[in-house]
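Peer 1: fold the following.
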Amino acid sequence: MSFSVISKSKKAINIVFSDSKMIVFLEDGRELSIPLEWFPRLRKATIEQLNKWRFIGNGEGVHWNEIDEDISIENLLE
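Peer 2: This next block holds a predicted model:
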(Lines give C-alpha, C1' and ligand atoms only; values in the text may rest on other atoms or scores of the structure.)
Protein backbone atom coordinates (compact mmCIF):
# COMPACT_ATOMS: atom_id res chain seq x y z
CA MET A 1 0.00 0.00 0.00
CA SER A 2 1.32 3.42 -0.84
CA PHE A 3 0.35 6.84 0.38
CA SER A 4 0.87 10.18 -1.28
CA VAL A 5 1.63 13.25 0.74
CA ILE A 6 -0.01 16.47 -0.32
CA SER A 7 2.33 19.35 0.28
CA LYS A 8 0.52 22.52 1.29
CA SER A 9 2.16 25.79 0.41
CA LYS A 10 3.07 28.19 3.16
CA LYS A 11 3.67 31.09 0.80
CA ALA A 12 1.34 34.05 0.43
CA ILE A 13 0.56 35.69 -2.90
CA ASN A 14 -1.74 38.54 -1.82
CA ILE A 15 -3.27 40.25 1.21
CA VAL A 16 -6.42 42.33 1.51
CA PHE A 17 -8.15 43.95 4.47
CA SER A 18 -11.72 44.42 5.66
CA ASP A 19 -12.73 46.53 8.64
CA SER A 20 -11.85 43.78 11.09
CA LYS A 21 -9.89 41.13 9.19
CA MET A 22 -6.78 40.47 7.16
CA ILE A 23 -7.33 37.97 4.36
CA VAL A 24 -4.20 36.17 3.19
CA PHE A 25 -4.26 34.32 -0.14
CA LEU A 26 -1.84 31.39 -0.39
CA GLU A 27 -0.31 30.10 -3.61
CA ASP A 28 -2.06 26.73 -3.20
CA GLY A 29 -5.50 28.40 -3.34
CA ARG A 30 -6.26 28.57 0.37
CA GLU A 31 -7.45 31.80 1.99
CA LEU A 32 -6.81 32.67 5.62
CA SER A 33 -9.11 35.14 7.35
CA ILE A 34 -7.39 36.52 10.45
CA PRO A 35 -8.96 38.93 12.95
CA LEU A 36 -6.99 42.18 13.20
CA GLU A 37 -7.69 41.91 16.93
CA TRP A 38 -4.88 39.33 17.10
CA PHE A 39 -2.33 41.98 16.09
CA PRO A 40 -2.62 45.24 18.07
CA ARG A 41 -0.34 47.18 15.70
CA LEU A 42 -2.44 46.18 12.71
CA ARG A 43 -5.67 46.90 14.56
CA LYS A 44 -4.52 50.45 15.37
CA ALA A 45 -3.15 51.16 11.88
CA THR A 46 -4.95 53.18 9.23
CA ILE A 47 -6.04 51.46 6.01
CA GLU A 48 -3.25 53.35 4.24
CA GLN A 49 -0.69 51.91 6.67
CA LEU A 50 -2.17 48.41 6.38
CA ASN A 51 -1.85 48.51 2.61
CA LYS A 52 1.88 49.39 2.78
CA TRP A 53 2.98 45.79 3.29
CA ARG A 54 5.60 43.76 1.46
CA PHE A 55 6.41 40.09 1.36
CA ILE A 56 9.57 38.83 3.00
CA GLY A 57 11.21 35.47 2.32
CA ASN A 58 9.49 35.10 -1.05
CA GLY A 59 6.01 35.10 0.53
CA GLU A 60 6.88 33.27 3.73
CA GLY A 61 6.20 36.39 5.77
CA VAL A 62 4.77 39.89 5.62
CA HIS A 63 6.39 43.13 6.76
CA TRP A 64 4.92 46.57 7.50
CA ASN A 65 7.79 49.02 7.83
CA GLU A 66 5.69 51.98 8.94
CA ILE A 67 4.06 50.14 11.84
CA ASP A 68 7.04 47.87 12.61
CA GLU A 69 5.21 44.55 12.24
CA ASP A 70 6.33 41.21 10.82
CA ILE A 71 4.07 38.17 10.50
CA SER A 72 5.07 34.65 9.52
CA ILE A 73 2.62 32.78 7.28
CA GLU A 74 3.63 29.49 8.93
CA ASN A 75 2.64 30.90 12.35
CA LEU A 76 -0.77 31.91 10.98
CA LEU A 77 -1.31 28.33 9.85
CA GLU A 78 -0.56 26.83 13.28
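Peer 1: which stretches of this protein have low pLDDT?
Peer 2: 1-8 (pLDDT under 70).
Peer 1: quick check, central residue of it?
Peer 2: V24 (4.5 Å; Cα atoms, centre = their mean).
Peer 1: this structure: helices as residue ranges?
Peer 2: 40-44, 47-50, 73-77 (DSSP state H).
Peer 1: how close does the closest residue to G59 other than its chain neighbours get to E66?
Peer 2: In space, and not counting its chain neighbours, G59 is closest to K11: 3.6 Å by Cβ to Cβ, 6 or more residues apart in numbering. The C-beta positions use only the backbone N, C-alpha and C, and glycine is treated the same way. According to Cβ to Cβ, to the nearest Å, K11 stands 23 Å off from E66.
Peer 1: now I73
Peer 2: With Cβ to Cβ as the criterion, I73 and E66 are 20 Å apart.
Peer 1: who has more neighbours, these two?
Peer 2: A count of neighbours by other Cβ atoms under 10 Å puts I73 above the other of I73 and E66, at 20 against 13.
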